[in-house]
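[1] turn this into a structure:
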Amino acid sequence: MTPAQKQRLRLIVALFDKAELVLREIGDLSGKITVPSINELRYVGYHIAKAICHDDDDSIDNELDRAESHCQRAIYDAYESGLVFSLESIQNFRDAYLEHSDIVLLTIPDYITMLEQADAASADIQRYREEHEKNRKRFYEDCAKHYKTIEAIYKKLKNSAEPLIRAQIIKKNSEDRRQTQRYISTVAIAILAIVVAGLIGFITIKLMP
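    Numbering: from 1, shown residues only. Below you'll find the predicted structure:
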């Protein structure tokens, strides 16, 4: 292996380390293992091992090319997984609190803007799939620019806003129950008053000479 190839191998190892960090990041976000990315990293090790076993430069370069490509795919697959998870979670949040949109808007003033950004990203990703059907690298690169924005929206909804919204919903439901109970009590008292008044009137009439 030539000095240039050894230097390239060191760069691939650095890229491998980056891929592992991205996998941990996405795993922490979704709580799931990104299996396609893990498989890609397995292939990286396989091609590096083959490169070390070869003697001719062309074969070594070919294996290093493949190892680098699998590193990139591992990173792209992980980010796509995180992006899809975040968009699905945002949609689930929207569906879950659809009947409490007033509380959501009071808790998150920029909620409409956040949903518009998520919808735009989702539409772009669908368009990228159609435009880059045969060019996965280009597809992943275009998707990556949406990742940080969508991740930030998901984290804000999940970690900050949702607990506050749930607390507000519980508070509102409690207030609604108290109002309902007061209304029922008021109606019951009114009915009782009418009944009592009717009985008094009936007794009075009976006692009249």
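[2] read off the pLDDT value for the most centrally placed residue in the chain.
    Of all residues in the chain, the one closest to the mean position by CA atoms, centre = their mean is Ser86, 2.4 Å from it. You'll see Ser86 listed with a pLDDT of 90.
[3] now do the contacts for it.
    With CB atoms under 8 Å, 6 or more residues apart in numbering as the criterion, the residues that contact Ser86 are 29, 150-151, 153-154. All C-beta atoms are positioned from the backbone trio N, CA, C, and that covers glycine.
[4] need those in TSV with distance to Ser69 and neighbour count, can you?
    Listed next are the contacts of Ser86 as TSV, based on distance: CB to CB, whole Å; neighbours: other CB atoms under 10 Å:
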residue	distance to Ser69	neighbour count
Leu29	25	18
Ile150	26	25
Glu151	25	18
Ile153	31	25
Tyr154	29	23
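[5] I'd like to know how far the closest residue to Val104 other than its chain neighbours sits from Ile90.
    Computed as CB to CB, 6 or more residues apart in numbering, the closest residue to Val104 that is not its neighbour in sequence is Tyr97, at 5.1 Å. In this structure, Tyr97 and Ile90 are separated by 11 Å, where distance is defined by CB to CB, to the nearest Å.
[6] what is the neighbour count of Asn62?
    Each residue near Asn62 was counted by other CB atoms under 10 Å, and the total is 15.
[7] picking up where we left off before, which SSE is immediately downstream of the helix or strand encompassing the residue nearest to the centre of the chain?
    Counting by DSSP states H and E, the secondary-structure element that holds Ser86 is helix 57-96. Moving toward the C-terminus from helix 57-96, the first helix or strand encountered (DSSP H and E) is helix 101-107.
[8] the helix or strand following that next one versus helix 57-96: what angle between them?
    Moving toward the C-terminus from helix 101-107, the first helix or strand encountered (DSSP H and E) is helix 111-131. Angle between the axes of helix 111-131 and helix 57-96 is 140 degrees (criterion: axes from the mean of the first three to the mean of the last three CA atoms, to 10 degrees).
[9] in helix 111-131, what counts as buried?
    111, 114-115, 117-118, 121-122, 125, 128 (16 or more other CB atoms under 10 Å).
[10] looking at those residues, which is nearest Asp57?
    Tyr128 (36.8 Å; CB to CB).
[11] distance of that closest one relative to Ile150?
    From Tyr128 to Ile150 the distance is 14 Å (CB to CB).
[12] thinking the residue nearest to Val104 is in contact with Ile103, fair?
    Yes: applying CB atoms under 8 Å as the test, Tyr97 and Ile103 come out as touching, 7.5 Å apart.
[13] of the contacts of Ser86, which pair is most distant in space?
    Of all pairs drawn from the contacts of Ser86, the greatest distance, 12.3 Å, lies between Leu29 and Ile153 (CB to CB).
[14] mind listing what the closest residue to the residue nearest to the centre of the chain other than its chain neighbours touches?
    Take Ser86 and drop its neighbours on the chain: the residue closest to it by CB to CB, 6+ apart is Tyr154, 4.0 Å away. Taking CB under 8 Å, 6+ apart, we find Tyr154 in contact with 29, 85-86, 89-90.
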